[in-house]
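Engineer: Structure for the following, please:
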Amino acid sequence: MNNNTHTDLAPMPVHVAIIMDGNGRWAQARGYDRSAGHVEGVNTVRRITEEASELGLKFLTLYTFSTENWNRPKEEVDALMTLIVTAIERETPDLIKNNVRLTTIGDLDRMPEYAANRMRKCIADTSHCNGLTLVLALSYSSRWEIIKACRALAKEAAEGKLAPEDIDEDTFRTFLATAEIPDPDLLIRTGGDMRISNYLLYQIAYTEIIVNPKYWPDYSKADFRNDIDLYRTRQRRFGLTAEQTGAAPDIQTQTNL
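Structural biologist: Below is the predicted model:
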């Protein structure tokens with residue numbers, strides 16, 4: 001029986017997903033161009049990836065570039081594409097050294113060919129690593145992912161390969177971009193905004209959520225550890241009661257959800 005109290009912490013999360021928000025606001029607050037915030041945000045990616053690896057997490061998913069971000073000014077989009085692939089190429093040797101495997105979820109075909117090809121090379125170079133898996137949600141949105149999965153299911157049904165009545169949660173999951181990735185245990189959003197922003201909508205049905213007020217460039221390893229410690233004080237009941245899970249009542253969550 002797992003008596004999960006504040007003195008008996010829950011296990012470490014297996015998968016943490018992060019919405020890295022606040023780069024632009026961080027820069028503007030300092031009188032810099034927005035691109036300076038994105039550059040500084042890359043340094044935060046490095047230190048949080050290092051900390052996730054040291055803590056023994058298996059998956060870290062970072063919302064890097066959404067499909068909606070394609071609607072930003074072209075100059076900012078072009079700068080972001082160059083920054084992302086250049087940073088990943090620079091970090092790839094350290095990823096390999098730290099046994100971190102890189103992968104992506106999203107529509108890489110929508111990216112400029114030079115950026116997509118360079119990203120695929122970095123993914124291939126780290127494919128042998130079996131420690132932390134760093135997942136970049138790149139040219140990604142949850143609605144895009146769900147619609148893509150529905151189209152694939154409809155095609156298989158139309159071709160007689162799949163009966164509609166056989167479609168269940170497990171079947172649907174195999175058509176998602178995250179088919180080989182467990183659902184996040186914890187979702188962290190930096191920057192203070194209280195929204196999900198079209199991110200992993202299907203996967204976070206029972207994910208714990210923490211909104212940190214710090215802008216992403218200011219988010220530290222200590223902040224990350226503190227957020228994980230907060231997660232570990234919570235009960236995850238998945239719709240059951242505390243009595244059913246064998247857990248003590250949680251002062252933070254008084255409902256049965």
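
Engineer: C-alpha coordinates for the longest helix that the chain contains, PDB please?
Structural biologist: When the chain is parsed with DSSP state H, its longest helix is helix 74-97. C-alpha atoms of helix 74-97 as PDB (Å, rounded to 0.1, in the frame of the first residue of the first chain):
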ATOM      1  CA  LYS A  74       9.000  36.000 -41.100                       C
ATOM      2  CA  GLU A  75      12.200  37.500 -39.700                       C
ATOM      3  CA  GLU A  76      11.500  36.000 -36.300                       C
ATOM      4  CA  VAL A  77      10.500  32.600 -37.800                       C
ATOM      5  CA  ASP A  78      13.700  32.400 -39.900                       C
ATOM      6  CA  ALA A  79      15.800  33.400 -36.900                       C
ATOM      7  CA  LEU A  80      14.200  30.700 -34.800                       C
ATOM      8  CA  MET A  81      14.700  28.000 -37.300                       C
ATOM      9  CA  THR A  82      18.400  28.800 -37.600                       C
ATOM     10  CA  LEU A  83      18.800  29.100 -33.900                       C
ATOM     11  CA  ILE A  84      17.100  25.800 -33.200                       C
ATOM     12  CA  VAL A  85      19.100  23.700 -35.600                       C
ATOM     13  CA  THR A  86      22.400  25.500 -34.800                       C
ATOM     14  CA  ALA A  87      21.900  25.000 -31.100                       C
ATOM     15  CA  ILE A  88      21.000  21.300 -31.500                       C
ATOM     16  CA  GLU A  89      24.000  20.700 -33.700                       C
ATOM     17  CA  ARG A  90      26.200  22.400 -31.100                       C
ATOM     18  CA  GLU A  91      24.800  20.400 -28.300                       C
ATOM     19  CA  THR A  92      24.800  17.000 -30.000                       C
ATOM     20  CA  PRO A  93      28.200  15.900 -28.800                       C
ATOM     21  CA  ASP A  94      27.200  16.700 -25.200                       C
ATOM     22  CA  LEU A  95      23.900  14.800 -25.700                       C
ATOM     23  CA  ILE A  96      25.900  11.800 -26.900                       C
ATOM     24  CA  LYS A  97      28.400  12.200 -24.000                       C
END
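
Engineer: Check which element follows the helix or strand that contains Ala124 along the chain.
Structural biologist: Assigned by DSSP states H and E, Ala124 belongs to helix 113-125. Later in the chain than helix 113-125, the nearest helix or strand by DSSP H and E is strand 133-140.

Engineer: Average pLDDT for the next helix or strand after that following strand, rounded please.
Structural biologist: Remark: after strand 133-140, the chain's next helix or strand is helix 142-158, criterion DSSP H and E. Mean per-residue pLDDT for helix 142-158: 97.

Engineer: Go through helix 142-158 and flag the buried ones.
Structural biologist: Residues of helix 142-158 classed as buried: 142, 144-146, 149, 153 (neighbour count, 16 or more other CB atoms under 10 Å). In short, each C-beta sits where N, CA and C put it, glycine included.

Engineer: List just the nearest of these to Val100.
Structural biologist: The closest of these to Val100 turns out to be Glu145 (CB to CB; 23.6 Å).

Engineer: In contact with the closest one, which residues?
Structural biologist: Neighbour list for Glu145: 105, 176-178, 202 [criterion: CB atoms under 8 Å, 6 or more residues apart in numbering].
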